[in-house]
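> Please find the sequence and the predicted model below.
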4 protein chains.
Amino acid sequence: MMTMLRIGLVGLGRLGKIHAEILSGQISNVDLVAVCTLDDKEKSWAVSKLGLSATCCFSDFEKMLDEAKLDAVVLASPSSYHFNQTYLALSLGIHVFCEKPLAVKEEKIQNLFDILNTNSGLVCQVGFMRRFDPVYMKAKEKIVNGDIGEIILFRGYSLDPISEIHNFLKFLPSSSGQFLDMAVHDIDMANWLIDAFPKTIYSCCNSFSFREFEEFGEGDNVTSLMQYENGSMAFIMAGRTAQHGYHIETEIIGTKGTIRIGSVPSPHQLEILDGSGVRRECYTDFADRFYLAFQNELVAFIKNIHEDEAPKCGIHEAYKATLIALKATESLKEKTLIKL
Amino acid sequence: MMTMLRIGLVGLGRLGKIHAEILSGQISNVDLVAVCTLDDKEKSWAVSKLGLSATCCFSDFEKMLDEAKLDAVVLASPSSYHFNQTYLALSLGIHVFCEKPLAVKEEKIQNLFDILNTNSGLVCQVGFMRRFDPVYMKAKEKIVNGDIGEIILFRGYSLDPISEIHNFLKFLPSSSGQFLDMAVHDIDMANWLIDAFPKTIYSCCNSFSFREFEEFGEGDNVTSLMQYENGSMAFIMAGRTAQHGYHIETEIIGTKGTIRIGSVPSPHQLEILDGSGVRRECYTDFADRFYLAFQNELVAFIKNIHEDEAPKCGIHEAYKATLIALKATESLKEKTLIKL
Amino acid sequence: MMTMLRIGLVGLGRLGKIHAEILSGQISNVDLVAVCTLDDKEKSWAVSKLGLSATCCFSDFEKMLDEAKLDAVVLASPSSYHFNQTYLALSLGIHVFCEKPLAVKEEKIQNLFDILNTNSGLVCQVGFMRRFDPVYMKAKEKIVNGDIGEIILFRGYSLDPISEIHNFLKFLPSSSGQFLDMAVHDIDMANWLIDAFPKTIYSCCNSFSFREFEEFGEGDNVTSLMQYENGSMAFIMAGRTAQHGYHIETEIIGTKGTIRIGSVPSPHQLEILDGSGVRRECYTDFADRFYLAFQNELVAFIKNIHEDEAPKCGIHEAYKATLIALKATESLKEKTLIKL
Amino acid sequence: MMTMLRIGLVGLGRLGKIHAEILSGQISNVDLVAVCTLDDKEKSWAVSKLGLSATCCFSDFEKMLDEAKLDAVVLASPSSYHFNQTYLALSLGIHVFCEKPLAVKEEKIQNLFDILNTNSGLVCQVGFMRRFDPVYMKAKEKIVNGDIGEIILFRGYSLDPISEIHNFLKFLPSSSGQFLDMAVHDIDMANWLIDAFPKTIYSCCNSFSFREFEEFGEGDNVTSLMQYENGSMAFIMAGRTAQHGYHIETEIIGTKGTIRIGSVPSPHQLEILDGSGVRRECYTDFADRFYLAFQNELVAFIKNIHEDEAPKCGIHEAYKATLIALKATESLKEKTLIKL
Ligand SMILES: NC(=O)c1ccc[n+]([C@@H]2O[C@H](COP(=O)([O-])OP(=O)(O)OC[C@H]3O[C@@H](n4cnc5c(N)ncnc54)[C@H](O)[C@@H]3O)[C@@H](O)[C@H]2O)c1
Ligand SMILES: NC(=O)c1ccc[n+]([C@@H]2O[C@H](COP(=O)([O-])OP(=O)(O)OC[C@H]3O[C@@H](n4cnc5c(N)ncnc54)[C@H](O)[C@@H]3O)[C@@H](O)[C@H]2O)c1
Ligand SMILES: NC(=O)c1ccc[n+]([C@@H]2O[C@H](COP(=O)([O-])OP(=O)(O)OC[C@H]3O[C@@H](n4cnc5c(N)ncnc54)[C@H](O)[C@@H]3O)[C@@H](O)[C@H]2O)c1
Ligand SMILES: NC(=O)c1ccc[n+]([C@@H]2O[C@H](COP(=O)([O-])OP(=O)(O)OC[C@H]3O[C@@H](n4cnc5c(N)ncnc54)[C@H](O)[C@@H]3O)[C@@H](O)[C@H]2O)c1
């Protein structure tokens, strides 16, 4: 019989709560034994909803690692902590599931590779959950199968609903930019589906709705055009002002056919005919769109640990996506074409 | 070179104006030389917009036939006049294009057949313009070609926008009912596409929005389920309360495939993403949806006369559709199953 | 803490396996302790996949009830056994989840009501899983909220893919007809959404592809037009010859708006552009379309037992749907209009 | 009454024939009195289909101008002749309708401005027919009306069907590149809808299917990302390998809403459900997609001459689009970011 894995969860914010729900109710062979957050309300939530005792609710990450006898941690803390928390946990031989992005600057990621090389059983997965979304998996399968031939263009949109903007604006000064915060998912998808690495990157942006982005050399909407080593092109857009909802759309134009995902970003097969015409209501946020993917990625993480497998989406993938996001940001700020 | 045909137009109402526009500006080899209407404003319109002299604007149909030396008439008068006006014109050897329906009760349609039999060059076309709409023509072509196999079910919706209801309510007491007024187009489409005649008819209705329909044994929305002699089934709905626009939708379910027409009744390939979701704006009325079909049917009529051809959609077709519409109305009023 | 419920499952066929998977892996507070099937391969499957011991795999329903100390049974046996197995289990004070239909003729359903009346804690739920499907739930919510006003027409299609026909043809002689086998789901949806009972029913059918249906007075495609007491109309179609996949489509036309569900019956937001045009691939079968609903309905069943609640979809609902399906079948066979 | 305009048409190739049809049969107040082509078969076509006498069919453009007493010419000759033919005709005081592009290198377009300035009644229109397409006109109207706010991103795809590639490959050596041949329409649309001029341009391309494009520093698919002076961004793609048909798609993402045109490039409201799923067949070529726009643009041209109006889409607009197309081509060939 399988041993139970002892898991600690860091961060109980928007995404942390989803991971908590999944880990505590919807996965076998796992025990959520500790959480770590700075927020007292979130701790109370953990006590009442997750049934944790107060002593299992930490404020300090290192303390939790010291005391909670963890097999693995799931990191849903703010992005700027990811690299260090991952490093620390791995150093202690604790498996890590880290939310994207793995890092917000060109950190010594080499160090992570070193640890993993010397401790080959250690699993370190990064939260590119789209790789675990059934629709993207289906697309990948078709591409690998040759159904659409060579990839001419990958187009990825990640547009947050404007209804969420005020939460975001608070967080703007500490944001690592749209490419690392949002577009990194599309970058990872492009890397995964094209299966190569970019050689040129050109980015631009604007801020018609929220001029405050300009102070940071950023835009409320940003785009980037990249060309990959193998010739494939990628056009990526990330934005924060979609009126209609949470809009994640991907198109892969191939020599033999084209695949589109989410061109109407609507959660269910429900169409309404009324005074506005014929319409579909849209996803409201990432939880609405990707719940199943969040579930699937944690199932895979746990299974990888139990069965001593390498993660599907590890440090290597995260490193590449992070690097490209940093370069796309550089292109944006320097208004220049980057050659890699 | 082709001789010009002298045409008289009867009725300058909603539809008559469209026919006038087409006849006076968009067809070769034809002269619109006279109009007939009871309405003085419409006569002024004819003088100013069509360039007719006042003496070419008649109030009396017979007088126009007597005086205007017509080759052909186009009838867009109220439905109750259609049969008699058609009869009279044909008797005088004048070609007739008659708006649907040809008759509003079981008139002596046999008499029309008699005239046409003895005067084989005479063209009498009825205004089932959907037969001239490019989309329905494409569907017919695919069906004839065997692409969808045998027809299991024909489903036809004709839903008027609620914005038009007040015009209709005025006209309600003189209406010959939803099946003759509206659904007769779907009945004709079913006859045309299935290429057979019904053997059973069952109709029902309701009037949630406009109870006044009940006084006439009718509903603001009516439906009918029919089975054709060859086994094909037809489900037809006509209504007056569509919130979203003018909705003409047709589905033909076959043994090898299914064809749908207008399931999103939107006039152009324009999609809007805004606070209501992802939406398409709808057709506003029959002119918006079927302008091209109105044009095509008159082109065909003129061509048939010039080239001495039988009309694609003549008395025979009109007779069948009218009879079925009358029987569907009878089923509705008697709350009974009709066997033909 | 919650006690574990001991469950027995009857039938391990197409649907039984899905229930087994859900009961054994995806619901808390429940133990699948026994199964009953006539098929030895299915028993081996239960041993290897569900981890049951061979002694927990029964061939005889009564023996299982005698020996397995069950709190509840889930019936996924052939439809003709449903009524008797339900009756027997309830008589013994065992909670029952019974697949649709509850009965295949007008059985003494009154007896079931008697048992339930005298044993008020007993839960008897019937498998109308669409009531637990998120999309139908959303539609119900909008209707209850008044968003679309009064219901003018309910239209429900249940079309099985032609790829499944050979399985079905074997089963045809013992089938209780399309209305009880398939359309009963649409009948239940119409009852639920309209919230009334029909007063007239007229059905017809054809069998262009599989003439063998005619021997049984049935068709490979059947339709029915019903009018409900409150005036709402329902048009229902069930068929077995869809070329494109498993097609469950529902439309509710209201006085203030219209809702459509599944008009493109495609499982994911993936669109393909290739030599066939712009296309979406369709659901392949009921498991593909309704997995989540099957999960939700069992979750609700278990919760109802634990929390001593009445089921959302019990004997009363099943009785009504069954009766209507029987009457629709009668109309079909007698070629007559039924008044209730 | 209006005088008839005497028109000469240059080029009777793919597009020339469409213009001929429209000019000779579908516009009032105009006489197509002469054509000019190098091809004898096309001349025979003109004699038999257009009813021209052989002496009205010229091989030499200047000779036609000398002899045919033209009020206006329509140029559908190969692109490399456009500038000189336009210049010559305007110099002689003849109105010009010139197909896109106006020029294929940075010609002395200033000279054209000079002529037009000194001869203010002269009309020179350029064939950006999308400005006359009902759907694009509707989009423009909504944008001008402020419905979608500021334009964040314009995205334009112009994808030719692969079925046409062999025609194109013959023409490849004399092609002026994808940006001038195809994408110039999208460039003009971006200019028109954004109502500004770009400040940066970055292009790239690939040629997975037809390596022969590489010899010319081009690709069978090219893209460009531009930023306009006002901050709006434009992403443009032109390609020659679409499997599904002729695909012209435009998206305008605004701060208050988004408009999409042609995201399913299907000519009619006909949907097919068969073994490939639920699908729409696509446009086959530019004539199929833009017939109405070609008609409308010539109607406007004739009207502008008659009523002494400036053309909606003249030299100024053509100059801007041509310049941008040339710069986008330069970026492609030099693999560099262009700043304007
Ligand atoms: N995969 C996705 O689609 C997705 C979606 C949303 C967020 N995310 C990522 O998840 C992370 C969290 O995002 P969020 O929106 O939930 O943030 P949030 O601000 O809602 O929550 C942050 C949480 O981290 C805790 N925290 C802050 N500092 C900490 C520290 N030093 N040690 C431990 N805990 C600390 C806070 O108390 C809070 O519980 C981010 O890195 C974000 O990029 C990913
Ligand atoms: N094919 C279609 O889709 C379609 C659409 C709309 C109307 N129609 C048919 O067209 C006909 C006219 O409909 P409408 O909506 O234009 O009606 P309307 O009421 O707007 O116009 C009726 C016209 O007929 C004239 N008229 C009335 N009595 C007359 C008479 N005795 N002699 C001559 N003229 C007379 C009126 O002055 C008026 O000009 C109807 O039969 C209707 O069924 C068909
Ligand atoms: N809700 C839905 O959408 C849905 C879908 C499919 C089937 N169903 C219903 O589920 C039931 C089963 O359908 P299926 O397609 O899985 O059938 P199936 O033929 O695949 O399986 C029937 C199972 O019942 C067992 N069985 C037969 N006789 C039995 C008996 N006397 N006692 C105990 N077990 C017996 C068989 O061994 C087999 O395991 C039917 O009533 C059907 O109407 C409902
Ligand atoms: N607006 C659009 O969407 C669109 C579409 C297609 C073509 N075009 C433009 O139309 C033009 C013609 O394209 P096409 O595809 O019809 O080309 P084509 O090759 O089919 O036809 C060219 C025609 O020009 C004639 N010609 C060649 N040299 C000539 C000369 N020196 N003087 C007079 N006539 C000469 C040829 O005999 C032939 O009739 C091109 O400039 C193209 O860019 C525009």
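Now that the structure is in, tell me what you want to look at. Ligands and ions are numbered 1, 2, ... in the order given.

> Residue numbers of the stretch 201-340 of chain A in contact with chain D?
Proximity of the stretch 201-340 of chain A to chain D (CB under 8 Å from any CB of the partner chain) is limited to residues A:202, A:204-209, A:221, A:223-225, A:227, A:231-233, A:235, A:237, A:239, A:241-244, A:253, A:255-258, A:263, A:335-337. (C-beta placed from N, C-alpha, C; glycine too.)

> Among these, name the buried ones.
In terms of neighbour count (16 or more other CB atoms under 10 Å in any protein chain shown), the buried residues within those are A:202, A:204-209, A:221, A:223-225, A:227, A:231-233, A:235, A:237, A:239, A:241-244, A:253, A:255-258, A:263, A:335, A:337.

> What about chain C: which of the residues you listed touch it?
Restricting those to those adjacent to chain C (criterion: CB under 8 Å from any CB) gives A:256, A:257, A:258, A:263.

> State the phi and psi torsions of residue A:317.
Comment: the main-chain dihedrals of residue A:317 come out as phi -60, psi -40, following degrees, to the nearest 10.

> do residue A:339 as well
Torsion angles at residue A:339 (phi, psi; degrees, to the nearest 10) stand at phi -110, psi 130.

> any idea how far ligand 2 is from it?
As defined by CB to the nearest ligand atom, to the nearest Å, residue A:339 lies at a distance of 63 Å from ligand 2.

> Show me what that residue is bridged to.
Residue A:339 has these beta-bridge partners by DSSP bridges: residue A:200.

> Wait, it touches residue A:202, no?
No. Between residue A:339 and residue A:202 no contact is recorded; they are 10.1 Å apart, counting by CB atoms under 8 Å.

> What's the local residue count around residue A:33?
The local packing count at residue A:33 equals 20, with neighbours defined by other CB atoms under 10 Å in any protein chain shown.

> What distance do you get for residue A:183 to residue C:202?
Distance of residue A:183 to residue C:202, computed by CB to CB, to the nearest Å: 58 Å.

> Which positions within the least confident helix or strand in chain A by mean pLDDT qualify as buried?
The helix or strand of chain A with the lowest confidence, counting by mean pLDDT, DSSP states H and E, is helix A:109-118 at a mean of 90. Of all the residues in helix A:109-118, those buried under the rule 16+ other CB under 10 Å are A:109, A:112, A:115, A:116.

> ok now do whatever residue of chain A ends up closest to ligand 2, which residues does it touch?
Each residue of chain A has a distance to ligand 2, by CB to the nearest ligand atom, and the smallest belongs to residue A:273, at 21.2 Å. Neighbour list for residue A:273: A:279, B:242, B:243, B:244, B:247, B:282, C:257, C:258, C:259, C:260 [criterion: CB atoms under 8 Å, 6 or more residues apart in numbering or on different chains].

> Can you verify it is assigned to a helix?
No. According to DSSP: H, G, I helix; E, B strand; the rest coil, residue A:273 belongs to no helix; its state is strand.

> do you know how far it is from residue D:138?
As for residue A:273, its distance to residue D:138 is 20 Å (criterion: CB to CB).

> just residue A:27 next, same as before
Taking CB to CB as the criterion, residue A:27 is separated from residue D:138 by 51 Å.

> next one: residue A:165
For residue A:165, the distance to residue D:138 - CB to CB - is 29 Å.

> now the residue of the stretch 51-200 of chain A found nearest chain D, nearest residue through space, not along the chain?
For the stretch 51-200 of chain A, the residue closest to chain D is residue A:150, as judged by CB to the nearest CB, at 4.0 Å. Nearest-residue entry for residue A:150: residue D:208, 4.0 Å, with adjacent residues in sequence omitted and distances by CB to CB, 6 or more residues apart in numbering or on different chains.

> Next up, the contacts around the one you found.
Each residue near residue D:208 by CB under 8 Å, 6+ apart is listed here: A:149, A:150, A:152, A:231, A:255, D:220, D:221, D:241.

> and these, which of them are in strands?
Using DSSP state E, A:152, D:221, D:241 are the members of the contacts of residue D:208 that sit in strands.

> Return the alpha-carbon coordinates of stretch A:38-49 using CSV.
As requested, the backbone C-alpha atoms of stretch A:38-49 are provided in CSV (Å, rounded to 0.1, in the frame of the first residue of the first chain):
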residue,chain,number,x,y,z
LEU,A,38,1.4,35.9,6.7
ASP,A,39,-2.3,36.5,6.9
ASP,A,40,-4.3,35.7,10.1
LYS,A,41,-7.6,35.4,8.3
GLU,A,42,-6.2,32.8,6.0
LYS,A,43,-4.9,30.9,9.0
SER,A,44,-8.4,30.9,10.5
TRP,A,45,-9.7,29.7,7.2
ALA,A,46,-7.2,26.8,7.3
VAL,A,47,-8.3,25.9,10.7
SER,A,48,-12.0,25.9,9.9
LYS,A,49,-12.0,24.7,6.3
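
> Run a quick neighbour tally on residue A:19.
Around residue A:19 sit 26 other residues, with neighbours defined as other CB under 10 Å.

> I meant residue A:249, not that one.
Neighbouring residues of residue A:249 were enumerated by other CB under 10 Å; the total is 18.

> and it, how far is that from residue D:264?
With distances taken as CB to CB, residue A:249 is found 14 Å from residue D:264.

> can you check residue A:236 too?
The separation that residue A:236 has from residue D:264, given CB to CB, amounts to 23 Å.

> quick one: the strands in the stretch 51-200 of chain A?
If DSSP state E, counting those that start in this stretch is used as the criterion, the strands of the stretch 51-200 of chain A fall at A:57-58, A:72-75, A:95-98, A:124-126, A:151-161, A:198-206.

> Show me what the fifth one packs onto, helices and strands only.
When you say that, I think you mean strand A:151-161. Helices and strands touching strand A:151-161, by 3 or more CB pairs under 8 Å, 6 or more residues apart in numbering or on different chains; DSSP states H and E, are helix A:184-190, strand A:233-242, strand A:247-254, strand D:221-228, strand D:233-242.

> Tabulate the ones you listed (a markdown table), appending mean pLDDT and distance to residue B:60.
Shown next, in a markdown table, are these (pLDDT from 0 to 100; distance: least, CB to CB, whole Å):
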| stretch | mean pLDDT | distance to residue B:60 |
| --- | --- | --- |
| helix A:184-190 | 98 | 72 |
| strand A:233-242 | 98 | 62 |
| strand A:247-254 | 98 | 63 |
| strand D:221-228 | 98 | 64 |
| strand D:233-242 | 98 | 60 |
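
> For chain A, identify the residue most remote from the centre.
Relative to the centre of chain A, and counting by CA atoms, centre = their mean, the farthest-placed residue is residue A:275 at 37.7 Å.

> That residue contacts residue B:242, correct?
No. Using CB under 8 Å, residue A:275 is not in contact with residue B:242; the gap is 10.3 Å.

> In space, what's closest to the residue of the stretch 1-150 of chain A found nearest ligand 1 - neighbours in sequence excluded?
The stretch 1-150 of chain A approaches ligand 1 most closely through residue A:13 (1.8 Å), counting by CB to the nearest ligand atom. With sequence-adjacent residues excluded and distances taken as CB to CB, 6+ apart, residue A:13 is closest to residue A:76, at 6.7 Å.

> I'd like the distance between that neighbour and residue A:23.
Using CB to CB, one obtains 11 Å as the distance from residue A:76 to residue A:23.

> follow-up on the earlier one: list the ones among the contacts of residue A:273 that fall in helices.
Among the contacts of residue A:273, no member is found in helices (DSSP state H).

> From the chain's centre, how far out is stretch A:306-317? Work that out for me.
The chain centroid and the centroid of stretch A:306-317 are separated by 16 Å, computed with CA atoms, centre = their mean, to the nearest Å.

> Tell me the buried residues in it?
Along stretch A:306-317, the positions that meet the burial threshold by neighbour count (16+ other CB under 10 Å) are A:306, A:311, A:313, A:314, A:315, A:316, A:317.
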